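Trainee: how does the following fold in three dimensions:
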Amino acid sequence: MCIVSRTALYVDGFNLYYGVFGKARASASASYKWLDVAAVAAHVWPALAPIGRTRYFTAAVKANQRDFQTVVRQRAYLRALRAVGVDVHLGTFKLRRKNVRLDGLPAPSASSVQNVVLSAEAQIGKYDEKGSDVNLATYLIRDAAKNEYSAAIVISNDSDLVEPIRVARSDFGVAVYVINPQKRAVAELSQAANGSRDVTLATLAACQLPPRLTDAAGTVVKPPEW
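Mentor: Next comes the predicted model:
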């Protein structure tokens, strides 16, 4: 007899990645990036297992000069997630340009000429990830409205998700639990949910995908750097 789980999982991919693998934890967590997100949810909230439908929200990263393999590693990871049944939802990166005025210190000059202040204007370009938080909020509400879960787990520490969680609970009567991947939990997010717990290194170590998986295109292999 097949048992259908009524617990759904919603993962804010970048919030999770930078929370557990960012500078604050990089040395301790670097080898745990091949993460089984459904296993993380079950490990943190065992009473809500088994985990049913899992949605992972992220965007395709851009190659950078310091590490050209970032795109390759992310593609392999997303393939691995899909291979174990995760629904991957992709947002986008948008280039945001901003003009910035740079003021320098007074520059010494010949005694016959007054000191001058060096200044310049520069344009800074920065890629911002767009869509993941909105997409997560949309599917959290959409799935609740369609009665696709009775309990949901959200892996994120983004305060923008406070209202969607409140709506899912108050309007549709579902329970929503949060897993915080960051160093400090946002109080408003924890208060909006039925409960909140943190991700630990022990959880990361215990919740890894197999190093080799198979999908319709062939074999997916864990990148050696991960």
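Trainee: ok, and the helix or strand in the protein with the lowest average confidence?
Mentor: Within the chain, no helix or strand scores below strand 116-130, which has a mean of 54 by mean pLDDT, DSSP states H and E.
Trainee: any idea which helix or strand comes after it?
Mentor: Per DSSP states H and E, the first helix or strand lying C-terminal to strand 116-130 is helix 132-145.
Trainee: residues making contact with that next one?
Mentor: Residues outside helix 132-145 that contact it (C-beta atoms under 8 Å, 6 or more residues apart in numbering): 8, 10-14, 53, 55, 57-59, 89, 91, 149, 152, 154, 156, 158, 160-161, 163-165, 167-168, 171-172, 174, 176. Placement of C-beta: from N, CA and C, glycine included.
Trainee: got it, and stretch 185-195?
Mentor: With contacts defined as C-beta under 8 Å, 6+ apart, stretch 185-195 is touched by 45, 154, 156-159, 161-163, 165-166, 169, 175-178, 180, 196, 198.
Trainee: in the strand or helix carrying Leu189, what's buried?
Mentor: Applying DSSP H and E as the criterion places Leu189 in helix 187-192. By 16 or more other C-beta atoms under 10 Å, the buried positions in helix 187-192 come out as Leu189, Ala192.
Trainee: sorry, back to before: only the buried subset of the contacts of stretch 185-195, as a PyMOL command please.
Mentor: To isolate the buried ones among the contacts of stretch 185-195 in PyMOL, judged by 16+ other C-beta under 10 Å, type:
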select buried, resi 45+154+156+157+158+161+162+165+169+175+176+177+178+180+196+198
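Trainee: mind listing what's buried along stretch 54-66?
Mentor: For stretch 54-66, the neighbour count (16+ other C-beta under 10 Å) marks Thr54, Arg55, Tyr56, Phe57, Thr58, Ala59, Val61 as buried.
Trainee: and these as a markdown table, adding pLDDT, secondary structure and distance to Leu209?
Mentor: Formatted as a markdown table, the buried residues of stretch 54-66 follow (pLDDT from 0 to 100; DSSP: H, G, I helix; E, B strand; the rest coil; distance: C-beta to C-beta, whole Å):
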| residue | pLDDT | secondary structure | distance to Leu209 |
| --- | --- | --- | --- |
| Thr54 | 98 | strand | 13 |
| Arg55 | 98 | strand | 17 |
| Tyr56 | 98 | strand | 12 |
| Phe57 | 98 | strand | 18 |
| Thr58 | 97 | strand | 16 |
| Ala59 | 95 | strand | 21 |
| Val61 | 88 | coil | 19 |
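Trainee: reformat the residues you listed as JSON lines; add distance to Asp143.
Mentor: Shown next, in JSON lines, are the buried residues of stretch 54-66 (distance: C-beta to C-beta, whole Å):
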{"residue": "Thr54", "distance to Asp143": "12"}
{"residue": "Arg55", "distance to Asp143": "8"}
{"residue": "Tyr56", "distance to Asp143": "14"}
{"residue": "Phe57", "distance to Asp143": "13"}
{"residue": "Thr58", "distance to Asp143": "18"}
{"residue": "Ala59", "distance to Asp143": "21"}
{"residue": "Val61", "distance to Asp143": "27"}
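Trainee: what are the ranges of the helices in this structure?
Mentor: Assigned helices in the chain, in chain order: 13-21, 26-29, 37-44, 70-83, 132-145, 162-172, 187-192, 201-206 (criterion: DSSP state H).
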